[in-house]
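[1] okay, sequence plus prediction incoming.
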Amino acid sequence: MDPAAWLDMHTWVEALRSGAVIQTLGRGFSIVWHAFNAFLGGFTGLFLFASIVLAIFLILAQRRMGTLARERGREHAYIRAVLANLTDGVIEYVPGGQIISANPAAERLLGLPIGSIAKKQLGDLKRDPMFASLAKVFPDPEPPASPSTGSGQAGPGGPLRPPRLGEAGQSVSEASDPARVEITLTEPVERILTVATIPLPTSPGVWPTAIKLIRDHTRERLLDKMKSEFISIAAHQLRTPLSGVKWTLRALLAGDLGKLDELQTKYIQRACDSNERMIQLVGDLLDASRQEQGRFEYEFEIRDFPAFLKALVEQQRPQFEAKGLALEADIPDIHVQLSYDPERMALVFNNLLENSLRYTNKGGRVSVRLADEEKQVRVDVADTGVGIPKDQMPKLFTKFFRADNVVRMQTEGTGLGLFIVKNIVAAHNGDIALQSQENVGTTITITLPHLPDEVLRKQQFVPVRDGA
């Protein structure tokens, strides 16, 4: 059609009468309609396929969530059963806030009704006289837990929530070293308890919490007390007859009951030496028992320490020379005033030197070195003896302990010496440390604090009396 004819009405009328335009439009519409139907058919198939895949995924996810929920339920039930049957008490709480949970053992050890403290505020419980024992477990007012990133901060759109014991995260055994204290309860029954406080790990959106682990040591303390009392009574009962034997043997050696020949003197001297060792053993038992009972008395004096130590070493020198050991004393000629009990401190260094003498073979070397440091005096007693196995060193200062290698040597000893030494040094506000290597030697270091400056000034100032 000529473009000019588009504006001619007559031309349009003729075209419509012939039906050409209608046929053309019909064919175009048919093509478009079939194409649209084909597109809808393909999209419906794709949608149906995606719907089936999504349905399968949702079914599998639902089953997995159900399995996880059942496993979590079993884990929580297991944890609750374990806590309920523990003999140790466990209290989970928000510091300064609420007690989240407490197992029956905790309430029983504290003399509280079962189920009486869970879900309650610490402050309210501590003000109630009925819960006086709980106030000893939580002795100081703890500041309220404050939200902070990574330890209790609320997540977006959600409030803080308390965690439950057993939630995923760091285990209690992996937490930082717990702070332990010992408390004594007198009501409703007397109990001696140790309480360990362990902070629990937290995650965003969770209040920081902690647990109190409570253990009953009443029976152990009672047994220790009975054991110490038995040792004390037995040692006292042994001391009297041993002293009688000692003086009888001394009288025989002195010839008070008649002159002895060489063989008689030899055997009586052996008996006398054995008697002395028994008396020393009884003395060690008594000292250890008194220390445990708090009846080991001290008489402190302010005296020059280097001179005291030097005299002590020289007293021991003949025994070392008799065994063929070199005893070196590196004690400078200085004057250092310390506060100490001369008798107890002599017991300390005599014990250390006797150990070196006993466990160092002929030809070995023992040295005593003193150094005056900034705030303390340091004494090193070193030997080239048999040494101590590395795995047994932590036990060395415990009562009655003797290392395996010295037991095999069949040497004399009670295992009380270093226990007594450590307690005496601690009573002087000092410290004791040990370094040892088997078959190489041992070094024991003792440090004792200087006197405070004001005490030293008083010691150096001598007032002039009237008329002097």
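    Okay, I see it. Numbering: from 1, shown residues only.
[2] the helices in the stretch 151-300 of the chain, which residues?
    Along the stretch 151-300 of the chain, the stretches classed as helices by DSSP state H, counting those that start in this stretch are 218-253, 262-293.
[3] any idea which helix or strand carries residue 317?
    For residue 317, the host element (DSSP states H and E) is helix 305-323.
[4] and the helices of the stretch 151-300 of the chain, which is most packed in?
    The highest average neighbour count among those, using mean count of other Cβ atoms under 10 Å, belongs to helix 262-293 at a mean of 15. Placement of C-beta: from N, CA and C, glycine included.
[5] tabulate the helices of the stretch 151-300 of the chain in CSV, adding columns for mean pLDDT and distance to residue 131.
    What follows is these, written out as CSV (pLDDT from 0 to 100; distance: least, Cβ to Cβ, whole Å):
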stretch, mean pLDDT, distance to residue 131
helix 218-253, 82, 20
helix 262-293, 84, 33
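[6] redo these as JSON lines? Include distance to residue 77.
    JSON lines is the format used below for those (distance: least, Cβ to Cβ, whole Å):
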{"stretch": "helix 218-253", "distance to residue 77": "32"}
{"stretch": "helix 262-293", "distance to residue 77": "45"}
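[7] low-scoring pLDDT stretches of the stretch 301-450 of the chain, where are they?
    Applying pLDDT under 70 to the stretch 301-450 of the chain picks out residues 410-411.
[8] before we move on, the earlier item: to residue 305, which of the helices of the stretch 151-300 of the chain lies closest?
    Residue 305 sits nearest to helix 262-293 of all these, at 22.0 Å, using Cβ to Cβ.
[9] packing partners of the closest one?
    helix 218-253, helix 417-427 (3 or more Cβ pairs under 8 Å, 6 or more residues apart in numbering; DSSP states H and E).
[10] next, format those as TSV and append distance to residue 405.
    Putting the helices and strands packed on helix 262-293 into TSV (distance: least, Cβ to Cβ, whole Å) gives the following:
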stretch	distance to residue 405
helix 218-253	27
helix 417-427	15
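[11] these: which one's closest to residue 378?
    helix 417-427 (12.2 Å).
[12] what's the closest of the helices and strands packed on helix 262-293 to residue 325?
    helix 417-427 (18.3 Å).
[13] mind listing what's buried in the closest one?
    Using 16 or more other Cβ atoms under 10 Å as the test for burial, helix 417-427 gives 417-425.
[14] okay, those residues in JSON lines with distance to residue 59 next?
    Listed next are those as JSON lines, based on distance: Cβ to Cβ, whole Å:
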{"residue": "417", "distance to residue 59": "75"}
{"residue": "418", "distance to residue 59": "71"}
{"residue": "419", "distance to residue 59": "69"}
{"residue": "420", "distance to residue 59": "74"}
{"residue": "421", "distance to residue 59": "74"}
{"residue": "422", "distance to residue 59": "69"}
{"residue": "423", "distance to residue 59": "71"}
{"residue": "424", "distance to residue 59": "76"}
{"residue": "425", "distance to residue 59": "73"}
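[15] now for the residues you listed: which two are most distant?
    Largest pairwise distance in the buried residues of helix 417-427, by Cβ to Cβ, is 12.5 Å, between 417 and 425.
[16] any idea how many residues pack against residue 82?
    As a burial measure, residue 82 scores 12 neighbours (other Cβ atoms under 10 Å).
[17] element containing it?
    helix 20-85.
[18] I'd like the next helix or strand past that helix.
    strand 89-93.
[19] elements contacting the next helix or strand after that following strand?
    Sequence order places strand 99-102 as the next helix or strand after strand 89-93, per DSSP H and E. Secondary-structure packing of strand 99-102 (3+ Cβ pairs under 8 Å, 6+ apart): strand 89-93.
[20] what does the strand it packs on rub up against?
    For strand 89-93, the external contacting residues (Cβ atoms under 8 Å, 6 or more residues apart in numbering) are 83, 99-103, 105-110, 117, 122, 137-138, 165, 200, 209-215.
[21] what's the answer for stretch 312-324, then?
    By Cβ under 8 Å, 6+ apart, stretch 312-324 touches 326-327, 329, 331, 346, 349-350, 353, 357, 362-363, 366, 368.
[22] for residue 388, helix, strand, or coil?
    coil (DSSP: H, G, I helix; E, B strand; the rest coil).
[23] from what I can see it touches residue 396, true?
    Yes - here residue 388 reaches residue 396: they are 6.3 Å apart, a contact under Cβ atoms under 8 Å.
[24] name the residues contacting each of the two.
    In contact with both residue 388 and residue 396: 403, 434, using Cβ under 8 Å, 6+ apart.
[25] quick one, which of those two is more surrounded?
    residue 388 (22 against 18).
[26] list the contacts for that one?
    396, 403, 405, 434, 436, 438, 442.
[27] burial measure for the second one, as a count.
    Spelled out, that is residue 403. 22.
[28] what does the last one give?
    With neighbours defined by other Cβ under 10 Å, the count for residue 442 comes to 24.
[29] please name the nearest non-neighbouring residue to it.
    residue 436 (4.1 Å; Cβ to Cβ, 6 or more residues apart in numbering).
[30] which SS class is that neighbour?
    strand.
[31] that older thread, out of the contacts of stretch 312-324, who's the most crowded?
    The contacts of stretch 312-324, ranked by neighbours (other Cβ under 10 Å): first place residue 366, 24 neighbours.
[32] report the contact partners of that residue.
    320, 325-328, 353, 356-357, 360, 381-384.
[33] and the helix or strand it falls within, which strands flank it?
    Using DSSP H and E, residue 366 maps to strand 365-372. Applying DSSP bridges to the sheet, strand 365-372 is found paired with strand 326-330 (parallel), strand 376-383 (antiparallel).
[34] can you tell me the closest non-neighbouring residue to residue 269?
    residue 253 is the one closest to residue 269 (Cβ to Cβ, 6+ apart), at 6.6 Å.
[35] can I see the domain layout of this protein?
    Partitioning the chain according to automatic domain parsing yields domains covering residues 35-85, 87-145+172-216, 222-293, 301-455.
[36] can I get stretch 87-107 in PDB? Just the C-alpha atoms.
    Output of stretch 87-107 as PDB, limited to C-alpha atoms (Å, rounded to 0.1, in the frame of the first residue of the first chain):
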ATOM      1  CA  THR A  87      28.700 -35.900  95.200                       C
ATOM      2  CA  ASP A  88      30.300 -32.500  94.500                       C
ATOM      3  CA  GLY A  89      28.100 -29.400  94.500                       C
ATOM      4  CA  VAL A  90      27.700 -27.300  91.300                       C
ATOM      5  CA  ILE A  91      26.100 -23.900  91.200                       C
ATOM      6  CA  GLU A  92      25.800 -22.000  87.900                       C
ATOM      7  CA  TYR A  93      25.100 -18.300  88.300                       C
ATOM      8  CA  VAL A  94      25.400 -14.800  86.800                       C
ATOM      9  CA  PRO A  95      27.900 -12.900  88.900                       C
ATOM     10  CA  GLY A  96      26.000 -10.300  90.900                       C
ATOM     11  CA  GLY A  97      22.700 -11.600  89.400                       C
ATOM     12  CA  GLN A  98      20.700 -14.700  89.400                       C
ATOM     13  CA  ILE A  99      21.500 -18.300  90.300                       C
ATOM     14  CA  ILE A 100      20.700 -20.300  87.200                       C
ATOM     15  CA  SER A 101      20.900 -23.800  88.500                       C
ATOM     16  CA  ALA A 102      22.100 -25.800  91.500                       C
ATOM     17  CA  ASN A 103      22.400 -29.600  91.800                       C
ATOM     18  CA  PRO A 104      21.100 -31.400  94.900                       C
ATOM     19  CA  ALA A 105      24.600 -32.000  96.200                       C
ATOM     20  CA  ALA A 106      25.300 -28.200  96.400                       C
ATOM     21  CA  GLU A 107      22.200 -27.600  98.400                       C
END
